[in-house]
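Chemist: coords please:
(one chain, ligands or ions: 2)
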Amino acid sequence: MKKAELRYHATTGEWVLISPQRSKRPNDFGAPSIKRKISSLKNCPFEDPQKSGNEIPLFWFPEDKSIEKWEIQVLPNKYPTLTHRHLSCAIFFKHGIYDVASGVGHHDILITRNHRKNYKDLSDKIATDVLSALVKRYKELSVDKCVAYVSMFQNFGPNAGASISHPHYQIIALPVVPNSVSRSISYSKRYYQKHHKCIHCDIIKQELKEKSRIIYNKNGIVAFVPFAAKEPYQVNVFPKNHQPYFEDSTPNTLSGLAVALKNILKSIYKNLKDPDYNFYIHTAPVLGKINFHHYHWHLEIVPKSNVSAGFEMGTGVEINPVFPEDAAKLLKN
Ligand SMILES: [Zn+2]
Ligand SMILES: [Zn+2]
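Modeler: Numbering: from 1, shown residues only. Ligands and ions are numbered 1, 2, ... in the order given. This next block holds a predicted model:
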């Protein structure tokens, strides 16, 4: 058995404890255990979204067809975590020694038409359109001068936070830049100042040379299990060409990413026995956009597994029971 290792994450500055003593077989992997159910079409709020009390979509695809023919709708979330109903931006104020910002922002959802077809089952065309729709909405939101960061993600399954089984994706615009993003930005900035190179481009170069953590490399997209993966079977997906801003991706990059993402999700489905998962995009902030040439956008997929316990919560050090090289070996199939 391999010996435990503490690995340092080069772009987050976190230590991760890779400890195979706690290793689990892939089929015990789905530790959290709320059972996933596909709701009936009759009770689904997204079969006929507007009849079910959702607002008129912000836009739909295909754009040149009437709304009845929709394949993708982007709508304001009926139960938003943040809203922007008034003209003013978030107000920042002090509460004693604490800092507070009013919760001004946007919360949208993107739905695809078929009740049972999750991302991996979509056609290449619709899978690409999902990403193009995210780009389109991102660009609309980034015009709002009150928006500092736009987060885009999918929660799949109840253990990953999805409350509705119909496939959907979310877009949340925040008045602040979240910590994990600003920390990652400052690590890439520091590296750039020292080496005059992008840290993510150098990581990609090393991963391609080592090969042991690579699980996908095609059409300008590369995916690998990160050297210091915090979660077992986590996968990071990058455009190979340096690009700080997701919204500035070329159509070729988006179609390459769609095919890559479908492939990786199929492998996760097959090799890990259909776990719940989250995926999310890490891109440079809207606020101060011109300043992030040193950053490199990417997408992270995290199959849902072990729950954080006292050690992780008390130290911020995650325990990952699966060596990233072993995770990659399984997912490469
Ligand atoms: Zn549905
Ligand atoms: Zn780069």
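
Chemist: Please make it C-alpha for all contacts and neighbour counts, starting now.
Modeler: Will do.

Chemist: can you pull out the helices in the stretch 1-150 of the chain?
Modeler: Listed in chain order, the helices of the stretch 1-150 of the chain (DSSP state H, counting those that start in this stretch) span 124-142.

Chemist: Can you give me the distance of the residue of it found nearest ligand 1 to Lys136?
Modeler: Residue nearest to ligand 1 within the stretch 1-150 of the chain (Cα to the ion): His115, separated by 3.9 Å. To Lys136, His115 is 23 Å away according to Cα to Cα, to the nearest Å.

Chemist: between those two, who's got more neighbours?
Modeler: Higher neighbour count among His115 and Lys136: His115, with 18 against 14, using other Cα atoms under 10 Å.

Chemist: ok, that one touching Ser40?
Modeler: No: counting by Cα atoms under 8 Å, His115 does not reach Ser40; the two are 9.1 Å apart.

Chemist: Skipping adjacent residues, who's closest to Lys37 in space?
Modeler: Setting aside the residues directly before and after it, Lys37 is nearest to Ser165 in space (Cα to Cα, 6 or more residues apart in numbering), at 7.2 Å.

Chemist: Next up, the contacts around the one you found.
Modeler: Ser165 makes contact with Lys37, Ile38, Ser39, His115, Phe156, Gly157, according to Cα atoms under 8 Å, 6 or more residues apart in numbering.

Chemist: Filter these down to the buried ones.
Modeler: The neighbour-count test (16 or more other Cα atoms under 10 Å) marks His115, Phe156, Gly157 as buried among the contacts of Ser165.

Chemist: Specify which member of those residues is nearest to Asn263.
Modeler: Distance to Asn263, by Cα to Cα, is smallest for Phe156 among the buried ones among the contacts of Ser165, at 16.3 Å.

Chemist: Per-residue pLDDT of that closest one, please?
Modeler: As predicted, Phe156 sits at a pLDDT of 95.

Chemist: Show me which residues of the stretch 1-150 of the chain sit near ligand 1.
Modeler: Within the stretch 1-150 of the chain, the positions near ligand 1 by Cα under 5 Å from the ion are Cys44, Phe46, Glu47, His115.

Chemist: Quick check, pLDDT for the third one.
Modeler: We note a pLDDT of 94 for Glu47 in this prediction.

Chemist: ok so, going back, among the buried ones among the contacts of Ser165, which are in strands?
Modeler: Phe156 (DSSP state E).

Chemist: Quick check: which of the buried ones among the contacts of Ser165 are also close to ligand 2?
Modeler: Answer for those near ligand 2: none qualify (Cα under 5 Å from the ion).
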